[in-house]
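Asker: could you work out the structure for the sequence below:
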Amino acid sequence: MKIVTHKFQKTKDRICYLVNLVDFNGRPLESHVANNSKQKVEISEELATKYKILTVFHNSGFSIIE
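Answerer: From the prediction side, this is the model:
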């Protein structure tokens, strides 16, 4: 498993981040919405600790692809 983050357009005027715990095939197992970059990192760290994940990808675009 790994954690992948990317931008997410929550509303027409609001850009947030999705923090996804994904399996080895890239399918999301758990997703969280972060309101800003700091919260994105905090949620990623919490998931990494909870599931003992070493791989975290912070994408700068809107795609889940690494």
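Asker: for the rest of this, base every contact and every neighbour count on C-alpha atoms.
Answerer: OK.
Asker: for the residue nearest the centre of the chain, which three-state class applies?
Answerer: In the chain, the C-alpha closest to the average C-alpha coordinate belongs to Val19, at a distance of 1.9 Å (C-alpha atoms, centre = their mean). Secondary structure state of Val19, per DSSP: H, G, I helix; E, B strand; the rest coil, is strand.
Asker: then Ser44?
Answerer: Ser44 is classified as helix under three-state DSSP.
Asker: separation between it and His32?
Answerer: Counting by C-alpha to C-alpha, to the nearest Å, the separation of Ser44 from His32 is 9 Å.
Asker: tell me which of these two has more neighbours.
Answerer: Neighbour totals were compared for Ser44 and His32, and Ser44 leads with 26 against 15 (other C-alpha atoms under 10 Å).
Asker: tell me which stretches of the chain form helices.
Answerer: 37-51 (DSSP state H).
Asker: rewinding a little: for the residue nearest to the centre of the chain, what are its contacts?
Answerer: Counting by C-alpha atoms under 8 Å, 6 or more residues apart in numbering, Val19 touches 3-6, 31-34, 40, 43-44.
Asker: bridged to it, which residues?
Answerer: Per DSSP bridges, residues listed as beta-bridge partners of Val19: Thr5, His32.
Asker: report pLDDT for it.
Answerer: The predicted structure scores Val19 at 96 on the pLDDT scale.
Asker: try Ile65
Answerer: The score at Ile65 is 53. That number is its pLDDT.
Asker: and if you look at Lys10?
Answerer: The predicted local confidence for Lys10 is 85.
Asker: nearest spatial neighbour of it, skipping sequence neighbours?
Answerer: If you skip the residues right next to it in sequence, Lys10 has Cys16 as its closest partner in space, 6.3 Å away by C-alpha to C-alpha, 6 or more residues apart in numbering.
Asker: quick check: His58 touching His6?
Answerer: Yes - because the distance of 6.4 Å satisfies C-alpha atoms under 8 Å, His58 is recorded as touching His6.
Asker: and Lys2, what does it touch?
Answerer: Under the criterion of C-alpha under 8 Å, 6+ apart, the neighbours of Lys2 are 21-24, 53-57.
Asker: can you tell me the closest non-neighbouring residue to it?
Answerer: For Lys2, ignoring the flanking residues on the chain, the nearest one in space by C-alpha to C-alpha, 6+ apart is Thr55 at 5.1 Å.
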